[in-house]
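> what shape does this take:
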Amino acid sequence: MGSNVSISAGVKILSTTLDYNKFDGTHTFEKVKIGNRVHIGANAVILPGVTIGDDIVIGAGAVVSKDLPSGCIYVGIPAKPLKKLRQL
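Numbers count the residues shown, from 1 in each chain. Down below sits the predicted model:
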């Protein structure tokens with residue numbers, strides 16, 4: 001996890017998936033990578049294996065199922081870019 005990351009109440013960051021091909025309860029683990037200067041809104045869900053870039057805001061209740069490139073606000077299910085953030 002990067003620096004200056006804020007995680008609001010109820011956020012779920014998941015790292016395991018069930019291997020449905022084996023049907024034996026086998027779980028696989030996939031890292032979630034979070035960049036610098038990221039805010040994750042309340043009740044957002046981050047699915048296994050995604051990479052969240054730098055300078056990102058994830059809206060409340062969003063579901064992150066794919067990698068998020070840097071410098072945007074993401075909202076919705078699944079999370080999609082709402083707008084680019086202004087460079088400081």
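
> contacts only, for Ser65.
Ser65 makes contact with Leu47, Val50, Pro78, Ala79, according to Cβ atoms under 8 Å, 6 or more residues apart in numbering. For every residue, glycine as well, the C-beta is placed using N, CA and C.

> dump those residues into a markdown table; add neighbour count and distance to Gly59 as well.
What follows is those, written out as a markdown table (neighbours: other Cβ atoms under 10 Å; distance: Cβ to Cβ, whole Å):
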| residue | neighbour count | distance to Gly59 |
| --- | --- | --- |
| Leu47 | 18 | 16 |
| Val50 | 19 | 16 |
| Pro78 | 12 | 12 |
| Ala79 | 26 | 8 |
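
> please identify which of these is nearest to Gly61.
Using Cβ to Cβ, Ala79 comes nearest to Gly61 of these, at 9.7 Å.

> surely the closest one is in contact with Ala62?
Yes: with contacts counted by Cβ atoms under 8 Å, Ala79 reaches Ala62, the gap being 4.2 Å.

> okay, and the common contacts of these two?
Contacts common to Ala79 and Ala62, judged by Cβ under 8 Å, 6+ apart, are Ala44.

> isn't Leu14 up against Pro48?
Yes: contact criterion Cβ under 8 Å: Leu14 and Pro48 qualify, at 5.3 Å.

> what residues are shared contacts of those two?
Counting by Cβ under 8 Å, 6+ apart, the contacts common to Leu14 and Pro48 are Val32.

> okay if I get the contacts of Ser65 as TSV plus secondary structure?
Converted to TSV, those look like this (DSSP: H, G, I helix; E, B strand; the rest coil):
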residue	secondary structure
Leu47	coil
Val50	coil
Pro78	coil
Ala79	coil
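
> neighbours around Gly35, how many?
If you count neighbours by other Cβ atoms under 10 Å, Gly35 ends up with 18.

> before we move on, the earlier item: CSV please, covering the contacts of Ser65 and showing distance to Asp24.
Below are the contacts of Ser65 laid out as CSV (distance: Cβ to Cβ, whole Å):
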residue, distance to Asp24
Leu47, 22
Val50, 26
Pro78, 29
Ala79, 32
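
> let's see the pLDDT reported for Met1.
For Met1, the pLDDT comes out at 84.

> list the contacts for it?
Counting by Cβ under 8 Å, 6+ apart, the residues that Met1 touches are Ile34.
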